[in-house]
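**Q** Quick one, structure for this:
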Amino acid sequence: MLALTGDLDKTSTLEIIAPAAVSKQVTFNGAPLATRKTIYGTLSATVPVTLPAVSLPNLGTLQWVRIYFMNRSMPANAYAAESCRQPA
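**A** As a prediction, the model looks like this:
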């Protein structure tokens, strides 16, 4: 068994060069791959990728404050303690 691991950002075709004894069963990140022999004697397999949906908040609608002891901004609800907020 040949167990491959990796990260892909799109559906990709892999070319596998391995001894026949270990390449009878091939997996990618634990999922079995259907392989086919190429004209060169290597194996080829397509790894389908389904990317997760990502949603980001609208940063322009957040109320931002500057913390006087830090050199970066963050949403107003990031710190609950009023003593940490910069005086107006």
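**Q** On the pLDDT front, check residue 71 for me.
**A** Looking at residue 71, its pLDDT reads 53.
**Q** can you pull the contacts of residue 16?
**A** Listed by CB atoms under 8 Å, 6 or more residues apart in numbering, the contact set of residue 16 reads 2, 4, 23, 26, 35, 42, 43, 44, 45. Any C-beta I mention is one placed from the backbone N, CA and C, and that applies to glycine too.
**Q** which of these are buried?
**A** Among those, those classed as buried by 16 or more other CB atoms under 10 Å are 2, 4, 23, 26, 35, 43, 45.
**Q** Out of the residues you listed, which comes closest to residue 13?
**A** Of all the buried ones among the contacts of residue 16, residue 13 sits closest to residue 45, with 7.2 Å by CB to CB.
**Q** Go ahead and confirm the closest one touches residue 26.
**A** Yes - the pair residue 45 / residue 26 is scored as a contact, 6.3 Å apart, by CB atoms under 8 Å.
**Q** picking up where we left off before, specify which member of the buried ones among the contacts of residue 16 is nearest to residue 12.
**A** Nearest to residue 12 among the buried ones among the contacts of residue 16, with distances taken as CB to CB, is residue 45, at 9.4 Å.
**Q** Just give the closest residue to that closest one, not the sequence neighbours.
**A** Computed as CB to CB, 6 or more residues apart in numbering, the closest residue to residue 45 that is not its neighbour in sequence is residue 33, at 4.1 Å.
**Q** Mind listing the residues bridging to the one you found?
**A** Here residue 33 sits in beta bridges with residue 26, as judged by DSSP bridges.
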